[in-house]
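>>> the sequence isn't on hand, but the structure is:
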Ligand code: IPE
Ligand code: IPE
Ligand code: MG
(Lines give C-alpha, C1' and ligand atoms only; values in the text may rest on other atoms or scores of the structure.)
(Ligands and ions follow the chains in the order given, each with its own letter.)
Protein backbone atom coordinates (compact mmCIF):
# COMPACT_ATOMS: atom_id res chain seq x y z
CA UNK A 1 0.00 0.00 0.00
CA UNK A 2 1.29 3.48 -0.86
CA UNK A 3 2.44 5.77 1.89
CA UNK A 4 0.71 9.13 1.81
CA UNK A 5 2.52 12.16 3.22
CA UNK A 6 1.53 15.05 1.04
CA UNK A 7 -1.76 15.98 -0.62
CA UNK A 8 -2.04 19.08 -2.80
CA UNK A 9 -5.44 20.45 -3.82
CA UNK A 10 -6.50 22.91 -6.50
CA UNK A 11 -9.62 24.23 -4.81
CA UNK A 12 -11.70 25.24 -7.82
CA UNK A 13 -15.39 25.94 -8.33
CA UNK A 14 -16.34 28.52 -5.68
CA UNK A 15 -17.73 30.99 -8.20
CA UNK A 16 -19.81 28.44 -10.10
CA UNK A 17 -21.13 27.04 -6.83
CA UNK A 18 -22.31 30.50 -5.79
CA UNK A 19 -23.88 31.16 -9.19
CA UNK A 20 -25.89 27.96 -8.93
CA UNK A 21 -27.48 29.41 -5.81
CA UNK A 22 -28.04 32.81 -7.40
CA UNK A 23 -25.43 34.32 -5.13
CA UNK A 24 -22.37 36.47 -5.78
CA UNK A 25 -19.06 34.75 -6.43
CA UNK A 26 -17.78 36.06 -3.10
CA UNK A 27 -20.41 33.96 -1.31
CA UNK A 28 -18.72 30.91 -2.82
CA UNK A 29 -15.32 32.01 -1.55
CA UNK A 30 -16.71 32.40 1.95
CA UNK A 31 -18.14 28.91 1.83
CA UNK A 32 -14.85 27.71 0.32
CA UNK A 33 -12.96 28.95 3.37
CA UNK A 34 -15.25 26.88 5.60
CA UNK A 35 -14.37 23.81 3.56
CA UNK A 36 -10.68 24.58 4.00
CA UNK A 37 -11.24 24.57 7.76
CA UNK A 38 -13.20 21.30 7.66
CA UNK A 39 -10.76 19.47 5.39
CA UNK A 40 -7.74 20.69 7.33
CA UNK A 41 -9.09 19.32 10.60
CA UNK A 42 -10.01 16.07 8.89
CA UNK A 43 -6.54 15.75 7.33
CA UNK A 44 -5.00 16.36 10.71
CA UNK A 45 -7.29 13.74 12.30
CA UNK A 46 -6.33 11.06 9.77
CA UNK A 47 -2.64 11.70 10.42
CA UNK A 48 -1.68 13.37 7.14
CA UNK A 49 1.57 15.33 7.39
CA UNK A 50 1.28 17.87 4.53
CA UNK A 51 -1.77 19.49 2.96
CA UNK A 52 -1.01 22.14 0.33
CA UNK A 53 -3.92 24.23 -0.91
CA UNK A 54 -3.99 26.49 -3.97
CA UNK A 55 -5.84 29.57 -2.76
CA UNK A 56 -4.69 32.43 -5.03
CA UNK A 57 -2.63 32.13 -8.19
CA UNK A 58 -0.31 34.66 -9.82
CA UNK A 59 -2.97 34.77 -12.56
CA UNK A 60 -5.86 35.49 -10.20
CA UNK A 61 -4.90 39.21 -10.08
CA UNK A 62 -6.69 39.40 -13.45
CA UNK A 63 -10.04 39.14 -11.64
CA UNK A 64 -12.19 42.20 -10.91
CA UNK A 65 -10.76 44.36 -8.14
CA UNK A 66 -13.70 43.76 -5.82
CA UNK A 67 -13.18 40.01 -5.99
CA UNK A 68 -9.42 40.27 -5.40
CA UNK A 69 -10.00 42.67 -2.49
CA UNK A 70 -12.58 40.29 -1.05
CA UNK A 71 -10.18 37.35 -1.25
CA UNK A 72 -7.44 39.34 0.50
CA UNK A 73 -9.79 40.36 3.31
CA UNK A 74 -11.10 36.81 3.59
CA UNK A 75 -7.58 35.47 3.95
CA UNK A 76 -6.74 37.99 6.65
CA UNK A 77 -9.87 37.28 8.69
CA UNK A 78 -9.58 33.52 8.12
CA UNK A 79 -6.06 33.43 9.53
CA UNK A 80 -6.97 35.56 12.52
CA UNK A 81 -10.01 33.44 13.29
CA UNK A 82 -8.23 30.19 12.64
CA UNK A 83 -5.22 30.62 14.92
CA UNK A 84 -6.93 28.90 17.87
CA UNK A 85 -7.98 25.96 15.71
CA UNK A 86 -4.43 25.63 14.30
CA UNK A 87 -3.01 25.44 17.80
CA UNK A 88 -5.75 23.13 19.09
CA UNK A 89 -5.19 20.72 16.24
CA UNK A 90 -1.37 20.95 16.31
CA UNK A 91 -1.40 22.32 12.74
CA UNK A 92 1.58 24.30 11.49
CA UNK A 93 0.67 27.04 9.03
CA UNK A 94 2.91 27.82 6.09
CA UNK A 95 2.73 29.62 2.76
CA UNK A 96 4.25 29.27 -0.68
CA UNK A 97 4.18 32.04 -3.26
CA UNK A 98 5.41 35.61 -3.34
CA UNK A 99 3.67 37.34 -0.45
CA UNK A 100 5.63 40.57 -0.96
CA UNK A 101 2.85 41.67 -3.34
CA UNK A 102 0.28 41.69 -0.51
CA UNK A 103 -0.56 44.63 1.78
CA UNK A 104 1.66 45.14 4.81
CA UNK A 105 -1.30 44.27 7.03
CA UNK A 106 -1.90 40.92 5.33
CA UNK A 107 1.82 40.11 5.28
CA UNK A 108 1.93 40.74 9.02
CA UNK A 109 -1.04 38.44 9.68
CA UNK A 110 0.58 35.73 7.56
CA UNK A 111 3.94 36.05 9.31
CA UNK A 112 2.34 36.09 12.73
CA UNK A 113 0.36 32.93 11.98
CA UNK A 114 3.48 31.16 10.68
CA UNK A 115 5.41 32.18 13.79
CA UNK A 116 2.71 31.29 16.32
CA UNK A 117 2.15 27.83 14.85
CA UNK A 118 5.83 27.12 14.18
CA UNK A 119 6.18 24.56 16.97
CA UNK A 120 3.09 22.58 15.94
CA UNK A 121 4.25 19.26 14.57
CA UNK A 122 1.11 17.51 13.37
CA UNK A 123 -0.18 18.51 9.95
CA UNK A 124 1.52 21.28 7.97
CA UNK A 125 -1.16 23.24 6.12
CA UNK A 126 0.40 25.28 3.34
CA UNK A 127 -1.59 27.90 1.47
CA UNK A 128 -0.34 28.73 -2.01
CA UNK A 129 -1.02 32.44 -2.30
CA UNK A 130 0.16 34.67 -5.09
CA UNK A 131 1.66 31.37 -6.15
CA UNK A 132 2.55 30.43 -9.68
CA UNK A 133 4.86 27.57 -10.45
CA UNK A 134 6.61 29.44 -13.26
CA UNK A 135 7.19 32.41 -10.97
CA UNK A 136 8.52 30.09 -8.26
CA UNK A 137 10.96 28.45 -10.68
CA UNK A 138 12.24 31.82 -11.94
CA UNK A 139 12.70 33.04 -8.34
CA UNK A 140 14.59 29.80 -7.60
CA UNK A 141 16.86 30.24 -10.64
CA UNK A 142 17.77 33.71 -9.43
CA UNK A 143 19.00 32.19 -6.15
CA UNK A 144 21.44 29.76 -7.84
CA UNK A 145 25.02 30.48 -6.81
CA UNK A 146 26.94 27.71 -8.54
CA UNK A 147 25.20 26.93 -11.82
CA UNK A 148 27.68 24.23 -12.90
CA UNK A 149 26.99 22.12 -9.85
CA UNK A 150 23.24 22.50 -9.60
CA UNK A 151 21.34 19.22 -9.59
CA UNK A 152 17.75 18.19 -8.86
CA UNK A 153 18.31 17.91 -5.11
CA UNK A 154 20.05 21.27 -4.75
CA UNK A 155 17.56 22.99 -7.05
CA UNK A 156 14.63 21.70 -4.98
CA UNK A 157 16.16 23.45 -1.97
CA UNK A 158 15.63 26.77 -3.77
CA UNK A 159 11.94 26.22 -4.41
CA UNK A 160 9.24 27.52 -2.06
CA UNK A 161 8.52 23.90 -1.14
CA UNK A 162 12.10 23.22 0.01
CA UNK A 163 11.04 21.89 3.41
CA UNK A 164 8.27 19.61 2.15
CA UNK A 165 8.25 16.01 0.96
CA UNK A 166 7.24 15.34 -2.66
CA UNK A 167 3.55 15.68 -3.54
CA UNK A 168 2.03 12.20 -3.52
CA UNK A 169 -1.39 13.16 -4.77
CA UNK A 170 -2.89 16.15 -6.53
CA UNK A 171 -6.65 16.69 -6.46
CA UNK A 172 -8.50 19.29 -8.52
CA UNK A 173 -12.14 19.99 -7.78
CA UNK A 174 -14.50 21.86 -10.10
CA UNK A 175 -14.31 19.61 -13.16
CA UNK A 176 -11.43 21.13 -15.14
CA UNK A 177 -8.55 18.81 -15.96
CA UNK A 178 -5.69 21.27 -15.92
CA UNK A 179 -2.90 22.28 -13.58
CA UNK A 180 -3.23 26.09 -13.85
CA UNK A 181 0.43 26.76 -12.97
CA UNK A 182 0.40 24.82 -9.69
CA UNK A 183 3.47 22.91 -8.44
CA UNK A 184 4.73 21.97 -11.91
CA UNK A 185 8.06 20.65 -10.63
CA UNK A 186 6.66 19.03 -7.49
CA UNK A 187 3.97 16.93 -9.19
CA UNK A 188 6.44 15.18 -11.49
CA UNK A 189 5.36 11.83 -10.02
CA UNK A 190 2.16 12.71 -8.19
CA UNK A 191 -1.03 10.74 -8.75
CA UNK A 192 -3.66 13.03 -10.27
CA UNK A 193 -7.33 13.05 -9.34
CA UNK A 194 -9.96 15.26 -10.94
CA UNK A 195 -13.46 15.52 -9.53
CA UNK A 196 -16.49 17.39 -10.84
CA UNK A 197 -17.45 18.31 -7.29
CA UNK A 198 -17.26 22.07 -6.80
CA UNK A 199 -14.96 23.00 -3.91
CA UNK A 200 -17.73 24.18 -1.56
CA UNK A 201 -19.38 20.75 -1.95
CA UNK A 202 -16.18 18.77 -1.32
CA UNK A 203 -16.44 16.52 1.75
CA UNK A 204 -14.25 14.52 4.09
CA UNK A 205 -15.92 11.43 2.69
CA UNK A 206 -14.90 12.23 -0.90
CA UNK A 207 -11.35 12.85 0.26
CA UNK A 208 -11.32 9.50 2.06
CA UNK A 209 -12.56 7.76 -1.10
CA UNK A 210 -9.81 9.35 -3.19
CA UNK A 211 -7.22 8.34 -0.61
CA UNK A 212 -8.48 4.74 -0.79
CA UNK A 213 -7.99 4.77 -4.57
CA UNK A 214 -4.53 6.27 -4.18
CA UNK A 215 -3.44 3.55 -1.78
CA UNK A 216 -3.99 0.83 -4.36
CA UNK A 217 -2.28 2.48 -7.33
CA UNK A 218 0.90 0.85 -8.55
CA UNK A 219 3.45 3.66 -8.23
CA UNK A 220 6.45 2.58 -10.26
CA UNK A 221 8.48 5.80 -10.55
CA UNK A 222 9.90 4.55 -13.81
CA UNK A 223 10.78 1.13 -12.43
CA UNK A 224 8.88 -2.09 -13.03
C1 IPE B 1 -11.41 28.83 -6.88
O2 IPE B 1 -12.71 29.06 -7.27
C3 IPE B 1 -10.91 29.85 -5.88
C4 IPE B 1 -9.95 30.82 -6.41
C5 IPE B 1 -9.36 30.76 -7.55
C6 IPE B 1 -9.67 31.95 -5.55
P7 IPE B 1 -13.04 30.00 -8.50
O8 IPE B 1 -13.21 31.39 -8.00
O9 IPE B 1 -12.03 29.85 -9.57
O10 IPE B 1 -14.44 29.42 -8.95
P11 IPE B 1 -14.91 29.12 -10.43
O12 IPE B 1 -13.87 28.24 -11.05
O13 IPE B 1 -15.02 30.44 -11.12
O14 IPE B 1 -16.21 28.44 -10.26
C1 IPE C 1 -6.81 27.77 -10.08
O2 IPE C 1 -8.14 28.09 -10.33
C3 IPE C 1 -6.27 28.65 -9.00
C4 IPE C 1 -6.78 28.40 -7.66
C5 IPE C 1 -7.59 27.43 -7.32
C6 IPE C 1 -6.33 29.31 -6.65
P7 IPE C 1 -8.54 29.12 -11.48
O8 IPE C 1 -10.02 29.17 -11.49
O9 IPE C 1 -7.82 30.39 -11.31
O10 IPE C 1 -7.96 28.38 -12.76
P11 IPE C 1 -8.36 28.47 -14.29
O12 IPE C 1 -8.39 29.93 -14.66
O13 IPE C 1 -9.70 27.85 -14.42
O14 IPE C 1 -7.31 27.69 -15.00
MG1 MG D 1 -11.87 28.62 -11.17
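That came in fine, so what should we check first? Here the structure is a predicted model, which is why all the values come from computation and not from measurement. Ligands and ions are numbered 1, 2, ... in the order given.
>>> the strands in this protein, which residues?
Taking DSSP state E, the strands of the chain run over residues 6-10, 50-57, 92-96, 124-131, 169-172, 191-194.
>>> can you list contacts of stretch 90-99?
40, 44, 52, 56, 58, 79, 82, 85-86, 106-107, 110, 113-114, 117-132, 135-136, 139, 160-161 (CB atoms under 8 Å, 6 or more residues apart in numbering). For glycine as for every other residue, the C-beta is placed from the backbone atoms N, C-alpha and C.
>>> one more time with 6 Å, if that's ok
Contact partners of stretch 90-99, identified using CB atoms under 6 Å, 6 or more residues apart in numbering, comprise 44, 86, 107, 110, 113-114, 117, 120, 122-131, 160-161.
>>> how far away is residue 12 from ligand 2?
The spacing between residue 12 and ligand 2, counted by CB to the nearest ligand atom, to the nearest Å, is 5 Å.
>>> I'd guessed that residue sits against residue 174; true?
Yes: Residue 12 is within contact range of residue 174, at 3.2 Å (criterion: CB atoms under 6 Å).
>>> could you report the neighbour count for the residue of the chain found nearest ligand 2?
Closest to ligand 2 within the chain is residue 180: 3.7 Å, counting by CB to the nearest ligand atom. If you count neighbours by other CB atoms under 10 Å, residue 180 ends up with 14.
>>> also the one 10 residues further on?
Residue neighbour count, defined by other CB under 10 Å, stands at 19 for residue 190.
>>> list the contacts of it.
Counting by CB under 6 Å, 6+ apart, residue 190 makes contact with 167, 169-170.
>>> helices of the chain, start to end?
14-20, 25-45, 65-88, 104-116, 133-142, 152-156, 204-215 (DSSP state H).
>>> in the protein, where is pLDDT below threshold?
Within the chain, no range satisfies pLDDT under 70.
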